[in-house]
Structure formats: structure tokens, C-alpha cells
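Student: My questions concern the predicted model and sequence given below.
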Amino acid sequence: MTGLLVKNAYVIDPLSGVNGEIMDIAVRDGKIVEDVRSGAVVIDAGGCLTLPGGIDSHSHVCGTKVNFGRYMSPEDMRAGRTARKGAMHVTSGYSVPTTFGNSYRYSAMGYTTVLEGAMAPLEARHTHEEFTATPHQDMLANTLFDGNWSIMEAVRDKDMKRAAAVVAWTLAAVKGFAIKLTNPGGTEAWGWGEDVHSIRDEVPHFGVTPAEIIETMIQANELLNLPHSVHIHCNNLGVPGNYQTTLDTINLAPDLNKDRQSLYLTHVQFHSYGGSTWQDICSKSEDIARAVNARPQVAIDMGQIMFGRTTTMTADGPMEWKLYMLHHNKWSNHDVELETGSGIIPVYYGRKSLVNCVMWAIGLELALLTENPWQCMLATDNPNGAPFVKYPEIIALLMSRKLREYEMKVIDPRTEHFVPLFAIDRELDWYEIAVMTRAAQAKALGITRIGKGHLAPGAEADIAIYPLKPDELDPTVDYQQVMAGFAKTRYTIKRGRVVARDGEVIVEGANSTIWSRSDVPPEYDLNQDPEFVKKFEQYYTVRMRNYPVQDVYLPRGLCIRTEASL
Amino acid sequence: MRVILKTRPRAKPKIPIEAETIIPQNFLRKNDVRVYEGNKERKLEDLFYITIEGPAVSPDQVEVILTGDTGVIKRVGEYMNAGRIIVEGDIGMHCGNFMSAGEIIIRGNADSWLGREMRGGVIRCEGNAAHYCAAGYRGEKRGMRGGTVEVLGNAGDFAAEYLCGGDVLIHGNCGDLPAVEMRGGTLTIGGDCHRPCGNMTGGTCRIFGAAHQFLPTFRKNGSEEMEYAGKQHRMAVYRGDVANRGKGTVLIRT
């Protein structure tokens, strides 16, 4: 493979400590190297902003529930249609586009790695098939353990090592990447029509509390030395007054890992509500941000909402039911045997709705009030808060107080009485945006070890060159240019190959699926555990030998192996 | 300005023409208008004899006249926002959907999906309309939101489904399930229909013929006099659909 040389790049690479230096980047065989021979293809970046490829640490783009969202929303498929063009397939859809639509749009924005936020282990094959059809991003899958009966039993018996063994077996079987807890305990309780309302509520029929599940899973995660921490969607999503639950959850997190956080809280915007009803809902982002600032062992993502129509989809079944009771539109709930559940509802976030305006403000406040950008990542929980194509707008809002004030004039005028957003002067700079969109994600997911999220020699050559000149541009005023710039890269380079130019994908993709596997001692190998095998055969509708995802589903699988300290 | 489009004879006349580009504003300037014949993109002049008479400075002054074998032309007037289209014969599916202003006159029959999810403007069909006349697309919560659709003949099944604004007038009979999921606006049916107004939550439906198999989930609420086609009629008033917290009104001639 001939090399590639990116010249005159204005590089911000937070993980390597580079902040705005004009430099050249040499690429050979898909990796960043010190320099290349003459004869390499040269790209002149012309002083444009050059960042490592973007990483989305929480997005719903593949899997059964996304697909259900597609077929319950034929009206969504009318939007965003593009015809076949060159190497690009036909795409359609706006909030739940086709897999290629997702892939091309991420690529146009310079994103090269995406984590699917929730994969039900039983339905992993579907997720992996769609990963293969999302060809321009390396994909990772958070695996749901919130209602796993084996985990619940281990938690009830206070057997942390058993829980670790179940996680290790399941991740290896379904080729998952990390542990996801969605409304721990609550989703499973919903199978009986019940829910939990705080982390100390007992999960009916199991005799455990969400707090015990979370604590045990954090410990088990560290016993297995997994790259990522526990990834949690807290209880009580979208309930006014739920910030107390979120604070309690943050307080549970011990500091166990020196390289990264011990607990990742996702879409925290949906978990930072004060008040007691929808009438007096208010922002508690200051309390949450204070708690996050005081605890370096937690990381969060914004879960920003943006105005417009979208589709909510989550493993949190009871919450989607509550949402249905508000909207009375079409809805879906789904149970995954012995593991988890899910729900899907199309929604519209309007500027005329005070509740939606408060939600919109909270996401931005979280990003602005969290002092350390490494602890708060930019995400919309795509498509729950907004489709990811809105990221450039969010970046512009974070970088420009002027734009926020402009927005203030067009949203519900009462909003300012319920949120502190308009009193915050902070405007993020290019470096902080680079942290919040790629570097922090790479660190939080623990994938810097495989060369993601930075541009030092040896790293994967995932590079995004944006048509923005930080020297000449004042993002606090020129927010329109910032939006346009982040929406379409000049070049997106994936593994040393230019995949997108000026927002158009020009080659067929070849992504890999990253999964993690923890090698456990034989006494913790559940394949040899008669009790586990017996229960599996007794309860599941599938045979244990048919359960694991075969290698054929991961044509380009990339395994991160770790040694468990059991 | 008057644009006359007469269909040219084609080797395979049954292949449909997808013509969402046939809207008045596209003829205002010398735009390169292209349509699809099956899955092949064609120039407009390959399929039509085009005659242009007179000037125009705004799309309101543009009148498009379609003649010839027009029954296979689909999506005419989609997203139209000004001007007038006159179809001298039948028209294919999806005519005038999403239109927001202007006028479409059809001298013959209209195929399914006439004026679907329309926002404003006027559609007048002098023949019959097929299924889903003035209805909503699958998955959408709201169908037609404004404007007027008038059909002088009969309409097929699901007429004015998901209607939530505007007026729909069908002078002949309707098929099965007119005005189901209706949320607003008015539907007037001059003739008979089957099972009207299921799951209605708002709006007014007036039926001057017989309503066969009328659903039992409507509550009778008096009667009133009403004029239609120059005659006075005594109408029974129903409220419903009570199965869905319904606040709609149905008037049926007694």
C-alpha cells in the first residue's frame, strides 16, 4: 500500500498533547508513522482543522430495536432519501435511517468509530449483521446485563466472581464490547408490569436492588479488566425529580481504575430533572455537574435533545410506556427472555413545549458546567435526543454564547426561569470540542490501546479534516461556519484510506467490529458449569450451543483480550 | 403562461411515468425538467410534445395542461405551491400530494392517493377517485391538513383517512371506511358509504346517503336541518368515536 501524507494540517490531538500545531501526518499501511517515502499521495490540508476520527460513545444505529423503529415509521423513511451515486448505496430515513444512511452521514461528519449503545445478547446476530452493513465505522456493542437472570442470582448471592463469570461468558458468546445496564432491575420488573423508583427499591421477584446490581457489576467489570467501564442508563429516566437517583448512582461509583472512569453514565440530560411533575420540571444540572466535578471516577455523556422530530428507542421498557401515555401515538414494547426488554416511540421535541425547552437547556448546561471536558462527552443518545446529524449544531451552541442567546429568543420564554443556561458565560474552544467528540470517548472506552482517538505514530490512521481554519475563524461569532464545517469534512480518512470527500463517500467500506474477551480460569468457565448449563437449557428457548454468535457474523472482528484477575 | 404537455406515443405505453417535477414553478424558467419512465430518467420533451404560450413572471401565472394518455402519469403536482394544473383525461396515482397552494383540475378519473397529506390549495376531480383519496400516508399521525378536495364522482376505500384539516367533498358514493382516524376538518359524502368514521377523534363528517354498517361506538346527540345540493335534509347527529375519547361529529341523513 502506498503511503499518504497530510500536509499543513492544523492538528489538535488531545491524547498526544498536541493543541493547534501546523504539522504533517504520515500514514502507511493504515497506521500513522513517522514519515513516508516520496511517492506517497499528498493531501494538502491548507491549515484546516485536523482531528483524529470522531468516536461516538453512545448511539443506537444497529440491532433489532433500531430495525423495529424503521418499520414502525414508514413516514420517517420518506425523509432523507438519496439516490445511488458512485460507491454510495441508496439511503433513506431521517431519525432511523438505513444502515448505509447512518454510515455515510457519520462519515461525512468525520466519525470513524461508533458504539451501539444497547445490544440484547439474545439478538446479537442481528446487531452484528447490521454492523457489517455499516461499513465506514468500526463498531462496538454494549451488551445489556440489566435484567440478566444469572446476574441477578449472582447479585442476590453476593457472588461477585460468579457475576464476572457470567459477563465473561456472555461477552465472548455474543461478541459484545462492554457492560450496559439500562434501568437496572426496572426493565426486568416491567416484565411483571412493575418498575423501580430508586436505586434502593427491591426488584420484585428477585430480592435485589438496583444499587446492588450496579455495585456488583462495577466490581465484576474490574475483575475482568475489561477495556470499558460499566455503562449505565440510570433508573427513573425522564421522571421529574429523578436527579436524586442520578446523584445516588454517581455516589456508588468507587475509584478502581487509574486509566479511565469506573462508571460511565449515559444521556445524563434525561436524568437531571428537578421538580415533581411535568408542570414544575426544572434543571438540576448544577447538582449533577458538581457531583461529576468532584468525582474523577465517573464520566458522562450529554444526551442532548435538539428540536425536531425523532424516534426514541431504549431497552427501558417502562419509560417508553410512560412516554406513550403522554403522546398517545404508536408505540412498541418488547421483552427479551431472561435478559432485558425494549420500547420504541416516535416523538417530536418542540420549541413551544416548556418541558422540551428545559430538556434542551439541561444537556448544554451539563457540558458547560462540567469543568473537565474529559468527563462529559458530546452525544445525543442518537436518535433519542436527536439524530446524530445535529452534532454540528450542538458544537456551535457550546462554542458560542451568542447563538445560545439567539436560541433563547425563539424558545418558550418561560424557560429561563427553570434553567441556569443563560447565565453561563463559558464558551468551549476547539481543543475542548476535540476532547468531547473523540479523545474523551477513546479514553473512556479504553480503545486508545488499539490506536483509536489519537494521531501519534502507531495509531490507526483515522483522520478527519474539517474545512475550518481555527486561526481565521472566531467560533463565538461565526457559528454558521462552525456548523457547516463540522457537518461536512473536507476529507475523512479511515485506516489510511480517504473514504469521504466534501461530505460524499467515495469508496466501499471495510469496517471492523471490536469486541472484548476476558480469559477466565477454568473454574469460572461457565461452559463447564453444570448448574449454569442446566438452567440455560431449562429456561431459554434456544439451546446453549446455538446461542453464541459464530465468527461468520464478524467478517472483520477485532478482539481485545484481557486476563481476568479472578 | 400556458404550458401544454401532450403525451407522445410510446413503444410501451403501460410503463408509468413518475412526474413529480410537473409543477407550475418548474416551467417558470427554462428549467431542465426531467421525469422518470419506469426506472429510466428522461427529458420531458422525450415523452411529451411541449407547447408554451405567453410569458409569466411568477408561478401563479403558470397553467400546465396535460393531455393525451395521462392515466399512467404519477405524482403530478407533488409539493406544488402555486399556479394551476389541468388534466384533460385521467390521472395516475399520488396526484397533488403535499401540495400547499394552487389548483389542480382533473377532467377524468383520478387513481389512488389523490391529494394525500395536502396542506392547502384546491383539487377538483370531475370523475371518480380511487382509494385513499385525501388521506394520510402510512405511519403519519396527521393526513390532509388544509385545502379543499372535491370529487364529483365516487371515491374508493379509506377516503379522508387521518383527515385533520381542510374540506373534502365527495358528491358520489364512498367505499369502505371513509374518515377513519379523522382528527379535524370536514368530510361531506353525497352518496352512500360503509363503516364510516372509525376511531374518529375530531372534525365533522356529513353523510347525505346511507351509512351502511355504522359503528355502534357513536352516541346519538339530537338532530338538525341542513342544506345540501339545494335541498333541505334532516340529519341525525352522533358524537364519537367513544372508543377513543372521541370528540368528532357525524351527521347522517335520516
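Tutor: Arrived safely, thanks for sending.
Student: Now do the contacts for the nearest residue to A:Pro135 once chain neighbours are set aside.
Tutor: If the residues on either side of it in the chain are set aside, A:Pro135 comes closest to A:Gly509, at 2.7 Å by CB to CB, 6 or more residues apart in numbering or on different chains. C-beta here means a position set from N, CA and C on the backbone, and glycine is covered the same way. The neighbours of A:Gly509, taking CB atoms under 8 Å, 6 or more residues apart in numbering or on different chains as the test, are A:Ser103, A:Ser107, A:Pro135, A:His136, A:Gln137, A:Lys494, A:Val499.
Student: In this structure the last one contacts A:Asn511, no?
Tutor: Spelled out, it's A:Val499. No - between A:Val499 and A:Asn511 there is no contact under CB atoms under 8 Å: 10.0 Å.
Student: now the contacts of A:Gly509 in TSV, with neighbour count?
Tutor: Formatted as TSV, the contacts of A:Gly509 follow (neighbours: other CB atoms under 10 Å in any protein chain shown):
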residue	neighbour count
A:Ser103	29
A:Ser107	29
A:Pro135	23
A:His136	25
A:Gln137	28
A:Lys494	28
A:Val499	29
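Student: between these, which is nearest B:Cys133?
Tutor: A:Ser103 (39.2 Å; CB to CB).
Student: got the CA coordinates for the helix or strand hosting that closest one in PDB?
Tutor: Under the criterion of DSSP states H and E, A:Ser103 resides in helix A:99-108. Output of helix A:99-108 as PDB, limited to C-alpha atoms (Å, rounded to 0.1, in the frame of the first residue of the first chain):
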ATOM      1  CA  THR A  99     -27.600   1.300   7.900                       C
ATOM      2  CA  PHE A 100     -25.800   2.800   4.900                       C
ATOM      3  CA  GLY A 101     -27.500   6.100   5.600                       C
ATOM      4  CA  ASN A 102     -26.100   6.100   9.100                       C
ATOM      5  CA  SER A 103     -22.700   5.100   7.900                       C
ATOM      6  CA  TYR A 104     -22.500   7.800   5.200                       C
ATOM      7  CA  ARG A 105     -23.800  10.500   7.400                       C
ATOM      8  CA  TYR A 106     -21.300   9.700  10.200                       C
ATOM      9  CA  SER A 107     -18.500   9.500   7.700                       C
ATOM     10  CA  ALA A 108     -19.400  12.900   6.200                       C
END
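Student: does the residue of the stretch 101-250 of chain B found nearest chain A sit in a helix, a strand or a coil?
Tutor: At 3.8 Å from chain A, B:Gly139 is the closest residue in the stretch 101-250 of chain B, using CB to the nearest CB. Secondary structure, DSSP: H, G, I helix; E, B strand; the rest coil: B:Gly139 is coil.
Student: now do B:Lys30
Tutor: coil.
Student: What separation do you get for it and chain A?
Tutor: Going from B:Lys30 to chain A by CB to the nearest CB, to the nearest Å gives 24 Å.
Student: what's the pLDDT at that residue?
Tutor: Model confidence at B:Lys30, given as pLDDT, is 70.
Student: list the contacts for it?
Tutor: So, once contact is read as CB under 8 Å, 6+ apart, B:Lys30 ends up touching nothing.
Student: number of nearby residues for A:Val268?
Tutor: As a burial measure, A:Val268 scores 29 neighbours (other CB atoms under 10 Å in any protein chain shown).
Student: from what I can see it touches A:Leu366, true?
Tutor: Yes - in this structure, A:Val268 is within contact of A:Leu366 by CB under 8 Å, at 5.8 Å.
Student: Please enumerate the shared neighbours of the two.
Tutor: Counting by CB under 8 Å, 6+ apart, the common neighbours of A:Val268 and A:Leu366 are A:Ile288, A:Ile300, A:Met302.
Student: close enough to count as contact, the first one and A:Thr245?
Tutor: Okay, so that is A:Ile288. No - counting by CB under 8 Å, A:Ile288 sits too far from A:Thr245 to count as a contact (11.0 Å).
Student: what about those two, which has more around it?
Tutor: Counted by other CB under 10 Å, A:Ile288 and A:Thr245 do not tie: A:Ile288 has more neighbours, with 25 against 22.
Student: Quick one: residues contacting the nearest residue to that one once chain neighbours are set aside.
Tutor: Once flanking residues are discounted, A:Ile288 sits nearest to A:Ser272: 4.8 Å by CB to CB, 6+ apart. By CB under 8 Å, 6+ apart, the residues touching A:Ser272 are A:Asn242, A:Tyr243, A:Thr246, A:Ser283, A:Lys284, A:Ser285, A:Asp287, A:Ile288, A:Ile362, A:Leu366.
Student: With A:Thr99 instead?
Tutor: A:Thr99 makes contact with A:Val61, A:Cys62, A:Glu130, A:Ala133, A:Thr134, according to CB under 8 Å, 6+ apart.
Student: follow-up on the earlier one: hey, what's in contact with both of A:Val499 and A:Asn511?
Tutor: Common contacts of A:Val499 and A:Asn511 (CB under 8 Å, 6+ apart): A:His136.
Student: residues contacting the residue of chain B positioned farthest from its centre?
Tutor: Distance from the C-alpha centroid of chain B peaks at B:Gly222, with 31.6 Å (CA atoms, centre = their mean). Listed by CB under 8 Å, 6+ apart, the contact set of B:Gly222 reads B:Val237.
Student: That one belongs to a strand?
Tutor: Yes - the assignment for B:Gly222, made by three-state DSSP, places it in a strand.
Student: Where does the residue most central in space within chain A sit, in terms of helix or strand?
Tutor: Centroid-nearest residue in chain A: A:His58, 0.7 Å away (criterion: CA atoms, centre = their mean). Using DSSP H and E, the element containing A:His58 is strand A:54-59.
Student: Now the element after that strand, going C-ward?
Tutor: Using DSSP H and E, the next helix or strand after strand A:54-59 towards the C-terminus is helix A:64-72.
Student: buried ones in that following helix?
Tutor: Under the neighbour-count criterion of 16 or more other CB atoms under 10 Å in any protein chain shown, helix A:64-72 has A:Thr64, A:Lys65, A:Val66, A:Asn67, A:Phe68, A:Gly69, A:Arg70, A:Met72 buried.
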